[in-house]
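Peer 1: dropping the sequence and predicted coords here.
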Amino acid sequence: KMRKWEVEKKVKTTCAYCGVGCQIDLLVKDNEVVGVEPNYSSTNKDLLCVKGKFAYGFINHKDRLKKPLIKKNGVFEEASWEEAYSLITEKMKGIKNKYGSKSFAGLSSARVTNEENYLFQKMVRAYMGNNNVDHCARLCHASTVAGLATTLGSGAMTNSNLELLDSDVIFITGSNTTETHPVLGAFVKQAKNRGAKIIVADPRRIPLAYKADVYLPLKPGTNVALFNGIMNVIIEEDLQDSEYIARATENYEDLKEVVKTYTPEYAGSICGVDPDEIRKAARIYAEGAKSSILYSMGVTQHTTGTQGVMSLSNLALLTGNIGKESSGVNPLRGQNNVQGACDMGALPGDYPGYQKVYDEDIKRKFESGWGKELSSQAGLTLTEIINDCGKGEIRFLYIMGENPMLSDPDLTHVEESLINTEFLVVQDIFMTETAQHADVVLPAATFAEKDGTFTNSERRVQRVRKAIEPIGESKPDWEILTEIMRRLGMNERYENPRAIFDELAGLTPQYKGMNYDRIEEEGLQWPCIDENHPGTRYLHKDAPVRGKGLFKPADYMSSYENSDKEYPYILTTGRILYHYHTRTMTGKIEGLNNLYPNSFVEINPTTASRLKINDGELIRVISRRGEVKTTAFVTDDIQEDVVFIPFHFTDGAANRLTHTELDPVAKIPEFKVSAVRLEKIMKE
Ligand code: SF4
């Protein structure tokens, strides 16, 4: 709508949607973002997806929170920052004095900058004196962080975005890449056009499955059996990289022992996949000179999520696909800064840089850096925090930029916890489903109104630049946190995000060699250990970070909930291209809402015809936790006994149906497998 010559300025920054981390120019006129253009970079070349290019209207949207709100007698009233700050800090001090440090917990955010995540965890740890800080990585890649740290020594994407273009084989499993990481999806297609072979394993026939050389339509929850079956073929047919195994790994005999029973026939009987297709996939993957694995929440969001991740790591180690270009194990991180939030220690067991809270030397380092006594006891995870609120020790919950009232499993349970929490602060850009339950709501600025850094999925730390002044009285999260910490007596004085970055880089080994000047142009990929270090395009080059790559085999274990007579279908949840997470931002974009205004449930035509359900009909989906009404979308891209609901929407919210059972290691919920039944809605 704006002609090019009318634009006042272009400001280079980083897309605030997904973890690809595309570089963009914001086009600005009269303190309004009026357009977005790609800015050529090593992250995205000159590509952008529909969200990055067109979904900027939330920034200047009329519904933005513009003033602090305090709830009085159940109704929000506008308040001054002074009133809001005073109330919050009095409550924090009061609750700490009365009930002790364990009465406080904080949920940090994968949406805000590294600097802001660093400050948030510092506030919880240094002022409240506990480690009850976590964020939504617990819901997406906690099993990656735990699994890859165990097997390789680093829980991040091993390789880089552009390296995909030179892969010989790309194995995509549990990632609907073209919809959730669209620019990477485009790179996969470009690699395919160049001659790369594509393997897709997914319960849904996702768009990339149509381009695949092999498509493995496995049943939800059977990843470990499938990966074991692939490894069985590789070992049986002597396709493993014996030289790499001998040189760079340990525990190979255990792996052989476990996978030997997973013949393609046996694995196929568990996964529902043709054994010959398992053989074909194994041969293609093992014979590629550079085979890359891309995975996401179809692998991680299970009660066996950590085992699924470690099985993929086994597969890459078995074939020597670790420590070289265009290969590796590549978890695609969902949100713009979920990698950074993890790096910054918004995790209950880790200080910034994955330094453990129980390590006494590390604790002393942070105590001397922050001048406060710290706790060596790991805090509660996000899922445990929600369980505890209103029932256990936690009385004060501070949520920055998260929306558990849509994103967490079993929403009825989440709602109960939030209602029963004695004091709830929510800091966000809009009045979210979660903010409605708060005692105080603080209006935060968007990425376009502040400086800072995001770290994308390929570990690249990139600049976020202020393009416009904050809308209304909203403030950047770092300013809000700095003021709260000052009022808590922490004596923090940060002039700007650059100063925060310099402090965090000094305490985070992977970021030690970075500063704003060095990342001005292109960003740098961690680890970057000193000021002359060029950053790291791919990890584990000379040897895995932990010394030797560890084979950690596992047997297949069934999901927590299986279909039965009463609930005969498996619900699996996920995302679509046109919406982002809980729609806090994309829900404000008219064009996207016109395309996808409502929730829907994908149903196979055979199932639909058996239940006499028509395409477009409103139906009821029911689990042991609750029920939703949503629209049937009949498609043979989904298996007969599986249904799919995107989790973005408030009405027909998929997470009314999911359960809270966790992976015992990573404490991640099993969003991908819940038993449900479908019912027609009878007309009166
Ligand atoms: Fe933004 Fe991700 Fe789209 Fe790139 S691929 S433009 S980072 S949403």
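Peer 2: Done, it's in.
Peer 1: in a helix, Tyr285, correct?
Peer 2: Yes. Counting by DSSP: H, G, I helix; E, B strand; the rest coil, Tyr285 is found in a helix.
Peer 1: isn't it up against Ser292?
Peer 2: No. Counting by Cβ atoms under 8 Å, Tyr285 stays clear of Ser292, with 9.7 Å between them. Glycine gets a C-beta too; all of them are placed from N, C-alpha and C.
Peer 1: what sits in contact with each of these two?
Peer 2: Shared contacts of Tyr285 and Ser292, defined by Cβ atoms under 8 Å, 6 or more residues apart in numbering, comprise 169, 171.
Peer 1: neighbours of whichever residue of the stretch 51-200 of the chain sits closest to the ligand, just the number please.
Peer 2: Nearest residue of the stretch 51-200 of the chain to the ligand: Gly52, at 2.1 Å (Cβ to the nearest ligand atom). As a burial measure, Gly52 scores 23 neighbours (other Cβ atoms under 10 Å).
Peer 1: C-terminal to the helix or strand bottoming out on mean pLDDT in the chain, what's the next element?
Peer 2: Lowest by mean pLDDT, DSSP states H and E among the helices and strands of the chain is helix 137-140, with a mean of 84. On the C-terminal side of helix 137-140, the closest following helix or strand by DSSP states H and E is helix 142-151.
Peer 1: quick one: list the elements packing against that following helix.
Peer 2: On a contact count with 3 or more Cβ pairs under 8 Å, 6 or more residues apart in numbering; DSSP states H and E, helix 142-151 meets helix 297-300, helix 305-318, strand 328-331, strand 549-550.
Peer 1: and the longest helix seen in the chain, what other elements does it pack with?
Peer 2: Longest helix in the chain by number of residues (criterion: DSSP state H): helix 81-99. Using 3+ Cβ pairs under 8 Å, 6+ apart, the elements in contact with helix 81-99 are strand 69-72, strand 104-107, strand 396-400, strand 423-428, strand 440-443, helix 477-487.
Peer 1: now the ones you listed in CSV, with distance to Lys541?
Peer 2: Shown next, in CSV, are the helices and strands packed on helix 81-99 (distance: least, Cβ to Cβ, whole Å):
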stretch, distance to Lys541
strand 69-72, 51
strand 104-107, 36
strand 396-400, 36
strand 423-428, 40
strand 440-443, 44
helix 477-487, 35
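Peer 1: where along the stretch 201-350 of the chain do the helices fall?
Peer 2: In the stretch 201-350 of the chain, the helices defined using DSSP state H, counting those that start in this stretch lie at 223-236, 242-248, 252-259, 264-271, 275-287, 297-300, 305-318, 338-343.
Peer 1: of those, which is nearest the ligand?
Peer 2: helix 338-343 (12.2 Å).
Peer 1: any idea of the mean pLDDT for the helix or strand immediately after the closest one in the chain?
Peer 2: Downstream of helix 338-343, the first helix or strand assigned by DSSP H and E is strand 350-351. If you average the pLDDT over strand 350-351, you get 96.
Peer 1: neighbouring strands for the helix or strand just after strand 350-351, and are they parallel or not?
Peer 2: With elements assigned by DSSP H and E, the helix or strand that comes after strand 350-351 is strand 355-356. Here strand 355-356 is paired, per DSSP bridges, with strand 350-351 (antiparallel).
Peer 1: and the stretch 51-200 of the chain, which residues reach the ligand?
Peer 2: Residues of the stretch 51-200 of the chain lying close to the ligand by Cβ under 6 Å from any ligand atom are 51-52, 181-183.
Peer 1: gap between the least confident helix or strand of the chain and the chain center?
Peer 2: 6 Å (Cα atoms, centre = their mean, to the nearest Å).
Peer 1: any stretches of this structure with poor pLDDT?
Peer 2: 1-5, 684 (pLDDT under 70).
Peer 1: please list the residues of it that sit near the ligand.
Peer 2: Contact residues, the chain versus the ligand (Cβ under 6 Å from any ligand atom): 15, 17-18, 20-22, 44, 48-49, 51-52, 181-183.
Peer 1: once you drop chain neighbours, what's closest to the residue of the stretch 401-550 of the chain found nearest the ligand?
Peer 2: The ligand sits closest to Asn456 of the stretch 401-550 of the chain, with a gap of 7.6 Å, by Cβ to the nearest ligand atom. Computed as Cβ to Cβ, 6 or more residues apart in numbering, the closest residue to Asn456 that is not its neighbour in sequence is Gly21, at 2.6 Å.
Peer 1: contacts only, for that neighbour.
Peer 2: Taking Cβ under 8 Å, 6+ apart, we find Gly21 in contact with 14-15, 43-44, 336, 454-458, 460, 462, 523.
Peer 1: hmm, 10 Å instead?
Peer 2: For Gly21, the contact set (Cβ atoms under 10 Å, 6 or more residues apart in numbering) comprises 14-15, 41, 43-44, 161, 183, 333, 336-337, 339-340, 454-462, 523.
Peer 1: please apply the same query to Glu277.
Peer 2: By Cβ under 10 Å, 6+ apart, the neighbours of Glu277 are 199, 201, 214-217, 264, 268.
Peer 1: for these, pick the one with the most neighbours.
Peer 2: Ala201 (29 neighbours).
Peer 1: from what I can see it touches Val299, true?
Peer 2: Yes. Look at Ala201 against Val299 with Cβ atoms under 10 Å: they come within range, at 9.3 Å.
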